[in-house]
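Enquirer: okay, here's the prediction I keep looking at, along with the sequence it came from:
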Amino acid sequence: MNIQELLKKWHEKVNLPEIELLISHELNKNRSFITAHPEYKLNFWQIKKIENNLKKRQKNIPLAYLTKEKEFYGRAFFVNKNTLIPRPETELIIENVLEQVENNENKNYLILDIGTGSGNIPITLAKELRELKKNDFKFIATDISKKTLKVAKKNATRHKVKNNIQFYKSDLLKNKKLKEKIKNAEKEIILIANLPYVNENFKNDLLKKEKSKALKFEPATTLWSNDEGLNHYDRLIQEIKEICDQNNKKVFTVYFEISPEQTNYLTKKIKNYFPNAEIIFKKDLAGLNRLCVWK
Ligand SMILES: C[S@@+](CC[C@H](N)C(=O)[O-])C[C@H]1O[C@@H](n2cnc3c(N)ncnc32)[C@H](O)[C@@H]1O
């Protein structure tokens with residue numbers, strides 16, 4: 001069978017760009033090769049592997065889990081079933097942190113990423129800051145899952161920033177060594193968290209919707225949170241507050257990725273622990289509040 005014949009066989013079951021991507025993944029060639037060479041003959045094993053993946057795709061298994069890769073801020077990240085697939089809206093964090101750093105030329109920061117997943121946030125920031133010739137930044141990345149951290153470390157090696165990032169397995173900030181690091185840090189801290197924030201009450205309804213069906217293949221621990229989706233953030237704010245109470249010189253700028261409808265409830269939660277906090281919300285491409293920045 002050649003490429004054209006395979007596309008013809010599958011195009012009514014799986015959308016065309018995805019078939020092309022799965023073929024290009026198997027052949028280790030780029031998409032333009034696939035479109036330019038419809039006559040290219042596929043061997044038995046290539047067809048078997050591509051069709052296996054097409055069958056999985058029909059069952060809504062996310063494409064990134066089949067190709068084991070997802071692009072984030074222009075770089076490819078390894079992903080597997082133990083990690084959330086990085087989302088384009090999370091790039092808003094990168095843009096805003098880079099803006100903060102560029103506007104404060106002389107400051108040196110410790111950048112903490114809580115719930116790092118594939119490591120996409122600290123790795124991207126480390127790469128971008130290196131390109132800006134800012135090499136004095138320290139990074140700490142944490143996750144509650146050991147298997148997830150393994151993926152993040154693999155990505156850090158792939159992108160040659162392993163020496164810039166320290167990894168900790170920790171439930172939020174509870175790991176004692178991590179807590180010490182934060183307390184002893186002389187630098188100002190940028191704390192980033194894209195923790196699970198999808199309202200657990202919406203789970204059953206969301207998983208029934210066609211466009212959200214793929215969510216059931218991502219680890220539940222990466223997505224859902226109770227208390228209208230804000231339980232993780234609430235606990236984290238409380239832990240930040242404890243650190244600030246023990247060391248009143250600590251300065252944190254905090255970035256939380258959120259769902260737009262959480263704006264008021266999150267504001268209330270932050271004000272509950274930090275009545276004088278300055279809180280701003282940044283909008284995503286759809287014009288909706290997607291990022292909460294507070295200090
Ligand atoms: C929404 S995913 C975000 C992954 C990645 N930061 C990104 O932006 O693509 C949330 C991550 O938080 C981790 N996580 C969940 N509960 C946690 C906790 N209590 N402490 C630390 N990490 C947690 C999950 O394992 C998961 O990797």
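Expert: Looks like it came in fine.
Enquirer: mind listing the helices for the stretch 1-150 of the chain?
Expert: Remark: helices assigned in the stretch 1-150 of the chain by DSSP state H, counting those that start in this stretch are 3-10, 16-27, 31-36, 44-58, 63-67, 91-103, 120-131, 146-158.
Enquirer: deepest-packed of those, please.
Expert: Most buried of the helices of the stretch 1-150 of the chain by mean neighbour count (mean count of other CB atoms under 10 Å) is helix 120-131; its value is a mean of 23. Every residue, glycine included, has its C-beta placed from N, CA and C.
Enquirer: show me the contacts for Glu200.
Expert: Trp224, Ser225, Asn226, Gly229 (CB atoms under 8 Å, 6 or more residues apart in numbering).
Enquirer: ignore the last one, Lys68
Expert: Phe78, Val79, Asn80.
Enquirer: these into a markdown table, with extra columns for pLDDT, neighbour count and distance to Pro86?
Expert: Compiled in a markdown table, those are given as follows (pLDDT from 0 to 100; neighbours: other CB atoms under 10 Å; distance: CB to CB, whole Å):
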| residue | pLDDT | neighbour count | distance to Pro86 |
| --- | --- | --- | --- |
| Phe78 | 98 | 17 | 11 |
| Val79 | 98 | 24 | 7 |
| Asn80 | 97 | 16 | 13 |
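Enquirer: one step back: distance to the ligand, neighbour count and pLDDT added to the contacts of Glu200, as JSON lines?
Expert: Putting the contacts of Glu200 into JSON lines (distance: CB to the nearest ligand atom, whole Å; neighbours: other CB atoms under 10 Å; pLDDT from 0 to 100) gives the following:
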{"residue": "Trp224", "distance to the ligand": "10", "neighbour count": "20", "pLDDT": "97"}
{"residue": "Ser225", "distance to the ligand": "8", "neighbour count": "19", "pLDDT": "97"}
{"residue": "Asn226", "distance to the ligand": "12", "neighbour count": "13", "pLDDT": "97"}
{"residue": "Gly229", "distance to the ligand": "11", "neighbour count": "24", "pLDDT": "98"}
